[in-house]
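Novice: based on what follows, work out the 3D shape:
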Amino acid sequence: MWQFLPALLLAAVPQEPGGEEESKWSGSFDAGLTILSGNNDSITSTADVLAKYEDVGYRWIFEGNYAGVRQTDPTTGDAFSTGRLYRLAGEHHRFLDAEDNLYAYGKGSARSDEPNGLQIREDIGVGAGYTWRWDEDQGQFSLEAGPSYLRENNVGLLMDDSVNGRLAARLDWGFTESWKLLGRGEFFQSFDESDDRSFTGELSVRWNFQETWFLQGTAAVAWDNTPAPGFSSTDTRYVLAVGTTF
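Specialist: Residues are numbered from 1 along each chain as shown. Just a heads-up that it's a prediction; the model follows:
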């Protein structure tokens, strides 16, 4: 299912008409590469893309993320993966007030990180959200809540599906002309089993060193209260990347 998500969502977005109108598209792309050598050699590579399409009464949000970690055994020289994250997500908002603060949403996403015990996690859900704004829209904080259908396959286990409650938050705050604080978090709680819950979150600091170019540091965490057998419940990563906005 998840591999078809971007095509299905993009097909649903109306095409922008010709002319010299201001583009309804906005977003960013960044990539990072970290190479460590010494007692433990490793290479970490990342790529992230965010695209938004906004028009009167609605908006679409599309996201894609990749993060891979390769380490080398100092004794044998063999290389192996300790992390290989893929994530795709799409979200549609319908605004319910004149200020575009209150909205209904429908969303779907898929996440995979087999070296850390997650073969696939897919979710699709609906709900409502609200956005608080300050500093002439330089600061925005959104909360979303609603039910979601979730399918999860941890390494070594059978596919499991359940109905969950979803709570999500997103922060976008340009606190100076050059600096911005970005964050997002998503929590799932199963209605069937009280122990079955998970959380993913990111917090980033972005420095715009040119009009459309930036340097960004990110700390991310993924937590699963019921991980695959033999795997830790918490995974963290730290990324330094360079990117551009459009």
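Novice: ok, and the closest non-adjacent residue to V163?
Specialist: Closest residue in space to V163, ignoring its immediate chain neighbours: F191 at 5.0 Å, by CB to CB, 6 or more residues apart in numbering. Bear in mind the C-beta positions are built from the backbone N, C-alpha and C, glycine included.
Novice: where does the protein dip in pLDDT?
Specialist: Applying pLDDT under 70 to the chain flags residues 1-20, 39.
Novice: please repeat the previous calculation with a cut-off of 50.
Specialist: Filtered on pLDDT under 50, the chain yields the residue ranges 1-12, 16.
Novice: ok, back up a step: wait, the residue nearest to V163 touches D161, no?
Specialist: No - with contacts counted by CB atoms under 8 Å, F191 stays clear of D161, the gap being 12.0 Å.
Novice: give me the neighbour count for Q216.
Specialist: Using other CB atoms under 10 Å, Q216 is surrounded by 20 other residues.
Novice: which positions in the helix or strand harbouring it come out as buried?
Specialist: Assigned by DSSP states H and E, Q216 belongs to strand 213-224. The neighbour-count check on strand 213-224 (16 or more other CB atoms under 10 Å) flags 214, 216, 218, 220, 222-224 as buried.
Novice: ok, and for stretch 102-117, which residues are buried?
Specialist: Those would be 103-105, 107-117, for stretch 102-117 by 16+ other CB under 10 Å.
Novice: so N116 touches G83, yeah?
Specialist: Yes - N116 is in contact with G83 according to CB under 8 Å; the separation is 6.0 Å.
Novice: tabulate the buried residues of stretch 102-117 (CSV), appending distance to A168 and secondary structure.
Specialist: Listed next are the buried residues of stretch 102-117 as CSV, based on distance: CB to CB, whole Å; DSSP: H, G, I helix; E, B strand; the rest coil:
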residue, distance to A168, secondary structure
Y103, 13, strand
A104, 14, strand
Y105, 9, strand
K107, 9, strand
G108, 13, strand
S109, 10, strand
A110, 16, strand
R111, 14, strand
S112, 20, strand
D113, 19, strand
E114, 25, helix
P115, 26, helix
N116, 22, helix
G117, 23, coil
